[in-house]
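Visitor: Predicted model and sequence below, questions to follow.
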Amino acid sequence: MSVRPTNFNPDGSLEVIYDELGHSGTIPAAEVKWSKNIDGTDNHSFIVLVCPDGCGGSSTHPVGGGAAPVEVQQMFVNKVDHDGCACGQVAATDSATLGESHVRLQVNRMDGPGRWALG
Amino acid sequence: MSRQTVPNYDIGTDTARLNLLTNGGFENWQRGNGPFTVGNAYQIDRWYVGIVGTDTYSLSKDTTNMDIGSNACAAMTFTLGSGGGGSNIQQVLKSVDENLRGLTVSLSVRVRTATANAVRVSLTSDGTGATNVYSSYHAGGGTYQTLTVTYAVPSNATYVNITIYFAASCTVYLDNAMLVVGSVAADYAPLHPADDLARCLRYYEPLAATGLANAYLAVCQAGSGTAAFGQVPFKAVKAVTPTITISAAGDFQVFQANTVIQAVTAFGFPAPNIYGTGVQPSTASGLVAGNASVLMTANANAKMLAEANP
């Protein structure tokens, strides 16, 4: 029951579903946003998805996957590959494998080894 | 009287034993009572509905057709399309959360349907030598029958999958699932409702009082004229860092120190973890840096949820 990705498009946009209300739609890549720390800086461990239906519902997903491990971890990998990471350690121009390694490290730090759900 | 040791394979099914499942009795429906029709999602607490191909279903909480010793069951109307018997309701036990490596486990599920050869249960996992073992199909007839299966979990398994498969269109009632260690399946032994719910809260927890306006959520401190910060602790420690989902920001309000209410215009959740989450409600104006405030629901639509699926 979250605003969660179901499909990933080549342009970085996401197909999402909001189980709670049965809403679905597309979130453009520019609207797949890092959450903010209290000081206003981006937090590379969380992404906020706002329901594209306009109902105002939103989900803050942790890099570990939270409600939907496979889809959420893939979303982080794609986000880092598309935009680079908010922490600055990975640039958008870096290889996709570097971004995935970075996200996997974050997953391990957050929820421990064994949480990684991607192949 | 001499002491005797009764091995597992000799004990009766009516010997009450520890259930390894969460919400095995299908008693807890924190996401609502249905009807649910969306596939590939958690609907009943901890039970995931996996729909294959063009199969469809409607799933609801049922308090009329439950099994003996139960307050509710899961009622499903299933329509077979192209799924070929693959559609299911399942509960996955991840080894990092609930480790069954190297154990022999037995599953029993109470199933009622009038359609023969439509429903069966299964245990499987990954790991060396993993296989998929199935029970016999329910014979039909419209009465509750117990479907059982036993499985030896590989020593390197990362998960064990408990699955109820649907192979033909039918109306089916599911109740009282029990997974135990040992080669003898056990009759369902209900948990105290407090314990039953506590298990569910480990994975899904409504943080705001559902359906209540003006329910207090958290004490906050204003950091500026438009933002406050507080913490919402969880009732149960989560299995993993959860996703936090909220309904519209306007479903919440902040009670200022001078008792004036301000509508929430935006939300932030700084660094949720397995114990709780920070909350950062924003308002258009009215807060005073350093003053205390209270985050509340503004109407009955307000929802704030923590969901952690291992």
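Guide: Everything's here; your move. As the structure is a prediction and not an experimental result, all values here were calculated from the model. Numbers count the residues shown, from 1 in each chain, chains lettered A, B, ... in the order given.
Visitor: Pull out the CA atoms of the lengthiest strand in chain B and give them to me as CSV.
Guide: In chain B, taking DSSP state E as the definition, the longest strand is strand B:170-181. Only the C-alpha atoms of strand B:170-181 are listed here, as CSV (Å, rounded to 0.1, in the frame of the first residue of the first chain):
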residue,chain,number,x,y,z
CYS,B,170,-13.9,-21.0,-8.0
THR,B,171,-15.1,-19.4,-4.8
VAL,B,172,-12.7,-20.3,-2.0
TYR,B,173,-12.4,-19.6,1.7
LEU,B,174,-9.0,-19.8,3.3
ASP,B,175,-8.4,-20.0,7.0
ASN,B,176,-6.1,-21.1,9.7
ALA,B,177,-2.7,-21.6,8.0
MET,B,178,-0.1,-23.2,10.2
LEU,B,179,3.6,-23.6,9.5
VAL,B,180,5.6,-25.7,12.0
VAL,B,181,9.0,-27.2,12.4
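Visitor: Can you name every helix or strand that it contacts?
Guide: Applying 3 or more CB pairs under 8 Å, 6 or more residues apart in numbering or on different chains; DSSP states H and E, we find strand B:170-181 packed against strand B:73-79, strand B:88-94, strand B:104-113, strand B:159-166. Where C-beta positions appear, they are placed from N, C-alpha and C, glycine not excepted.
Visitor: Only the buried residues of it, if you could.
Guide: By neighbour count with 16 or more other CB atoms under 10 Å in any protein chain shown, strand B:170-181 contains the buried residues B:170, B:171, B:172, B:173, B:174, B:175, B:176, B:177, B:178, B:179, B:180.
Visitor: Name the nearest of the residues you listed relative to residue B:153.
Guide: Checking the buried residues of strand B:170-181 against residue B:153 by CB to CB gives residue B:179 as the nearest, at 10.9 Å.
Visitor: pretty sure that closest one contacts residue B:162?
Guide: Yes: the pair residue B:179 / residue B:162 is scored as a contact, 6.0 Å apart, by CB atoms under 8 Å.
Visitor: how close does the residue nearest to residue B:299 when sequence neighbours are not counted get to chain A?
Guide: Leaving aside its sequence neighbours, residue B:299 sits nearest to residue B:213 (CB to CB, 6 or more residues apart in numbering or on different chains; 4.9 Å). Distance check for residue B:213 against chain A: by CB to the nearest CB, to the nearest Å, it reads 17 Å.
Visitor: Let me know the helix or strand that residue B:213 is in.
Guide: Of the helices and strands defined by DSSP states H and E, none includes residue B:213.
Visitor: ok, residues contacting stretch B:182-191?
Guide: Stretch B:182-191 is contacted from outside by B:8-9, B:11-17, B:19, B:24-25, B:67, B:69-70, B:104-108, B:110, B:146, B:148-150, B:175-178, B:180, B:196, B:199, using CB atoms under 8 Å, 6 or more residues apart in numbering or on different chains.
Visitor: okay, the residue of the stretch 1-150 of chain B found nearest chain A: pLDDT?
Guide: Residue of the stretch 1-150 of chain B nearest chain A, by CB to the nearest CB: residue B:96 (3.9 Å). We have a pLDDT of 91 for residue B:96.
Visitor: Number of residues surrounding it?
Guide: By other CB atoms under 10 Å in any protein chain shown, the residues close to residue B:96 number 15.
Visitor: For residue 73, which residues are in contact?
Guide: Reading this off chain A. Applying CB under 8 Å, 6+ apart to residue A:73 gives the contacts A:63, A:64, A:65, A:103, A:107, A:116, A:117, A:118.
Visitor: other chain: chain B
Guide: Counting by CB under 8 Å, 6+ apart, residue B:73 has contacts B:26, B:61, B:62, B:65, B:66, B:67, B:173, B:174, B:175, B:176.
Visitor: Let's see that with 10 Å instead.
Guide: B:25-27, B:60-67, B:110-112, B:144, B:172-176 (CB atoms under 10 Å, 6 or more residues apart in numbering or on different chains).
Visitor: Same check on residue B:64?
Guide: B:72, B:73, B:75, B:173.
Visitor: swap the cut-off to 6 Å and go again
Guide: If you count contacts by CB atoms under 6 Å, 6 or more residues apart in numbering or on different chains, residue B:64 has none.
Visitor: what's the burial count for residue B:193?
Guide: 12.
Visitor: repeat for residue B:275
Guide: Neighbour tally, residue B:275, other CB under 10 Å: 12.
Visitor: Equivalent analysis for the one 10 residues further on, please.
Guide: A count of nearby residues for residue B:285, using other CB under 10 Å, gives 8.
Visitor: So which elements touch the strand ranked longest in chain A?
Guide: The strand that spans the most residues within chain A, counting by DSSP E, is strand A:42-50. With contacts defined as 3 or more CB pairs under 6 Å, 6 or more residues apart in numbering or on different chains; DSSP states H and E, strand A:42-50 has these neighbours: strand A:33-36, strand A:58-62.
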